[in-house]
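Enquirer: Got a predicted model here, sequence first, then my questions.
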2 protein chains.
Amino acid sequence: MNILEKITNELDTLSKSERKVAEVILASPSTVIHSSIAALAKQANISEPTVNRFCRRLDTKGYPDFKLHLAQSLANGTPYVNRHVDENDSAEEYTDKIFESTMASLELARKSLDANDVNRSVDLLTQANKISFFGLGASAIVAHDAQNKFFRFNVPVVYFDDILMQRMSAINSRQGDVVIVISHTGRTKSLVEVANLAKENDATVIGITTKGTPLAKECSIVLTVDVCEDTDLYMPMSSRIAQLALIDVLATGFTLRRGSKFRDNLKKVKDSLRSSRFEKKD
Amino acid sequence: MNILEKITNELDTLSKSERKVAEVILASPSTVIHSSIAALAKQANISEPTVNRFCRRLDTKGYPDFKLHLAQSLANGTPYVNRHVDENDSAEEYTDKIFESTMASLELARKSLDANDVNRSVDLLTQANKISFFGLGASAIVAHDAQNKFFRFNVPVVYFDDILMQRMSAINSRQGDVVIVISHTGRTKSLVEVANLAKENDATVIGITTKGTPLAKECSIVLTVDVCEDTDLYMPMSSRIAQLALIDVLATGFTLRRGSKFRDNLKKVKDSLRSSRFEKKD
DNA sequence: CTACATTATGAAATAAAATTTCATTTTTTC
DNA sequence: GAAAAAATGAAATTTTATTTCATAATGTAG
């Protein structure tokens, strides 16, 4: 999608003169969107038709259309590019990079999610007799968070981050129960086993994981949350945040399905916390 | 910044014909970026110079420049605008809205963060004798996650989501200990008390909260995480995700400060998990 | 190494699009 | 209700982009 990346990719399929154009554009894309075709041609020391041909090779209608695409790519301040933290980064630099990578991962995760699967999951959740969330490590936190949310809905919900409890709970599950198993890698043996146990006992198993993992194979529905491979280099970072956003989506879907009367209930839960807080002055 | 919002804002300062142009654009902005000035004029039943004047009134150089701005506004799917989930939204719609709001909140949170405070916090964390993370409710999850991360660094770290344990831990704290107290509202009485107790016992208290809250007043350093007011309407959503991103930032700062040898250690921790997982085939 | 074919390139012509100028219409103000 | 001010569009002009076509560069087969 991003035209700057596309230029970089196709750099070797371009002719010599066209590459000159590409280089000028990559060097300063923000200047280019305010240049005419003549100005750009001059800058790259080539002729105007070459610029035009360059644009068409990138599947745009012509120069103005190309500029439009370029403008769009620049609009989001290169968030797609996953900027890596560097040894010598200042606090400001690594802060920015982490926030940006996280946002980029959320964007990716959103694209990998299938709205139909979300819809079906919400269906199942609203009809469930019991909802269980299972995760380990960083995904345990996501399961914990999910419980915190669904608990407010006044439905039977549990979460376990202990292998044995998960197994016991899975074995005791039955038709009408929904078990949500969360694992970024989808390869954690004990969790895959738990998913299988739940399935064997006729529970509906929803997986929050990456596409095509062993865990995915055990699930009735897989909610795909793909994030950039190497954002989670030393420890889970973007993956768990994307999973949490998905929990928000499921919780929101749940409340929408239940109708407005139900949402008044949520307000009550929130209001019940008031006495434990200091008043807001304004 | 966003030109679509700008058009909406200035709608009443526009002349009759110019408003016609505005309406056509607002009705279908994505069509407009592929139309010539003549096509747009015809569509709005006005003349070409009127379109041109319209563009200039919005502080653009002319029609092509206007289209560039419009294209940029469309590029990020209006993420700045916090799109509210609506009663009748489809799964796809509310999924998109939640992801977008989350990203917008991260952007906001990043801006509200002070890199100096991050830097000082990392300083203190690397020198701490003991690190404690305290939170309740949704913030308990953030504290839990923080423990999960800092635990890998092989430093003394604890987390409590139980009021009594928090109090006891705070009372037992001493100089050289760092206590991180997490609360979006910053108004949870027991947490403010815990922060105060820790302070009284000479621990360094870092708050992860909103600006100017009672909790903020008890802290040595406040890591400000402001998110859009109403993303957390019925339950904490964006706020906790922004807090988690901040935990990532602190953890990253910590590893950077500790140098490359330390990072090999992290790899070992990660590798130690390998036997519990199914092999990746590719 | 040459002759032929293919591809790449730019000058000039053409076409398209946007802008300016200016006369006319509409609206406002007194 | 007349003069001034503002809004509007037709036509001319200017700017910008595209096409055509001749030439140059590169590659290929003999």
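Expert: Structure's in. What do you need?
Enquirer: who in the stretch 1-150 of chain A is up against DNA strand D?
Expert: For the stretch 1-150 of chain A, the residues in contact with DNA strand D (Cβ under 7 Å from any atom of the strand) are A:16, A:36-38, A:48-49, A:52, A:55, A:61-65, A:67. C-beta: built from backbone N, CA, C; applies to glycine.
Enquirer: ChimeraX command to pick out the buried ones of these?
Expert: In ChimeraX, this line selects whichever of these come out buried by 16 or more other Cβ atoms under 10 Å in any protein chain shown:
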select /A:37,52,55,63,64,65,67
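Enquirer: okay if I get the residues of the stretch 1-150 of chain A next to DNA strand D as CSV plus secondary structure?
Expert: Below are those laid out as CSV (DSSP: H, G, I helix; E, B strand; the rest coil):
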residue, secondary structure
A:16, helix
A:36, coil
A:37, helix
A:38, helix
A:48, helix
A:49, helix
A:52, helix
A:55, helix
A:61, coil
A:62, coil
A:63, helix
A:64, helix
A:65, helix
A:67, helix
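Enquirer: in which helix or strand would I find the residue nearest the centre of chain A?
Expert: By Cα atoms, centre = their mean, the mean C-alpha position of chain A lies nearest to residue A:109, the distance being 2.3 Å. Assigned by DSSP states H and E, residue A:109 falls within helix A:91-112.
Enquirer: Tell me if the helix or strand just after that helix is near chain B.
Expert: Remark: after helix A:91-112, the chain's next helix or strand is helix A:115-127, criterion DSSP H and E. Yes. Against chain B, helix A:115-127 shows contacts by Cβ under 8 Å from any Cβ of the partner chain at A:115-116, A:118-119, A:122.
Enquirer: Tell me where the stretch 151-282 of chain A has helices.
Expert: Assigned by DSSP state H, counting those that start in this stretch, the stretch 151-282 of chain A shows helices spanning A:163-171, A:189-200, A:214-217, A:238-258, A:260-271.
Enquirer: Out of those helices, flag the one nearest residue B:4.
Expert: Of all those, it is helix A:238-258 that lies closest to residue B:4, at 25.0 Å by Cβ to Cβ.
Enquirer: For the residue lying farthest from the centre of chain A, list the residues it contacts.
Expert: Using Cα atoms, centre = their mean, the residue of chain A lying farthest from its centre is residue A:47. It sits 43.2 Å away. Neighbour list for residue A:47: A:17, A:41 [criterion: Cβ atoms under 8 Å, 6 or more residues apart in numbering or on different chains].
Enquirer: same check, this time on the one 5 residues further on
Expert: Neighbouring residues of residue A:52 by Cβ under 8 Å, 6+ apart: A:37, A:62-63.
Enquirer: Which of those sits closest to DNA strand D?
Expert: residue A:62 (1.9 Å; Cβ to the nearest atom of the strand).
Enquirer: Distance check, the closest one against residue A:69.
Expert: Distance from residue A:62 to residue A:69, counting by Cβ to Cβ, to the nearest Å: 11 Å.
Enquirer: Kindly report the same for residue A:235.
Expert: Distance, residue A:235 to residue A:69, by Cβ to Cβ: 37 Å.
Enquirer: Name the residues of the stretch 151-282 of chain A found near DNA strand D, please.
Expert: Not one residue of the stretch 151-282 of chain A sits near DNA strand D, judged by Cβ under 7 Å from any atom of the strand.
Enquirer: Output the below-cut-off pLDDT ranges for the stretch 151-282 of chain A.
Expert: A:228-234, A:260-266, A:270, A:273, A:280-282 (pLDDT under 70).
Enquirer: 80 instead?
Expert: The stretch 151-282 of chain A contains residues with pLDDT under 80 at A:227-237, A:259-282.
Enquirer: thinking again about what came up before, the helix holding residue A:109 - contacts with which helices or strands?
Expert: The contact analysis (3 or more Cβ pairs under 8 Å, 6 or more residues apart in numbering or on different chains; DSSP states H and E) places helix A:91-112 against helix A:238-258, helix B:91-112, helix B:115-127, helix B:238-258.
Enquirer: Which stretch among those helices approaches residue B:222 most closely?
Expert: Residue B:222 lies closest, by Cβ to Cβ, to one member of the helices and strands packed on helix A:91-112: helix B:115-127, at 7.0 Å.
Enquirer: now the closest one: how far from the chain's centre is it?
Expert: In terms of Cα atoms, centre = their mean, to the nearest Å, the centre of helix B:115-127 is set 20 Å apart from its chain centre.
Enquirer: after that helix, next one along is what?
Expert: strand B:130-135.
Enquirer: how does chain A divide into domains?
Expert: A:3-75, A:109-271 (automatic domain parsing).
Enquirer: Do me a favour and get the end-to-end distance for the last one?
Expert: By that I understand domain A:109-271. Start-to-end span of domain A:109-271 (Cα to Cα, to the nearest Å) is 33 Å.
Enquirer: Just give the nearest non-adjacent residue to the residue nearest to the centre of chain A, would you?
Expert: Excluding its sequence neighbours, the residue lying closest to residue A:109 (Cβ to Cβ, 6 or more residues apart in numbering or on different chains) is residue A:242, at 3.7 Å.
Enquirer: Could you list which residues are in contact with that neighbour?
Expert: Residue A:242 neighbours (Cβ under 8 Å, 6+ apart): A:105-106, A:108-109, A:225, A:227.
Enquirer: how near is it to residue A:235?
Expert: The separation that residue A:242 has from residue A:235, given Cβ to Cβ, amounts to 15 Å.
Enquirer: got the buried residues for stretch A:214-230?
Expert: A:214-216, A:218-228.
Enquirer: ditto for stretch A:203-217
Expert: Taking 16+ other Cβ under 10 Å as the criterion, stretch A:203-217 shows A:203-210, A:213-216 as buried.
Enquirer: sorry, back to before: now, of the domains of chain A, which is deepest in the fold?
Expert: Highest mean neighbour count among the domains of chain A (mean count of other Cβ atoms under 10 Å in any protein chain shown): domain A:109-271, with a mean of 20.
Enquirer: chain center to it: distance?
Expert: 15 Å.
Enquirer: For DNA strand D, state which of the buried residues of stretch A:203-217 is nearest.
Expert: residue A:210 (42.0 Å).
Enquirer: Look up the closest residue to that closest one, ignoring the ones flanking it.
Expert: Nearest non-adjacent residue to residue A:210 (Cβ to Cβ, 6+ apart): residue A:186, at 5.4 Å.
Enquirer: ok, the one you found - contacts?
Expert: A:192, A:207, A:209-210, A:213-216.
Enquirer: now for these, which pair is the farthest apart?
Expert: A:192 and A:210 (13.0 Å).
Enquirer: Thank you, goodbye.
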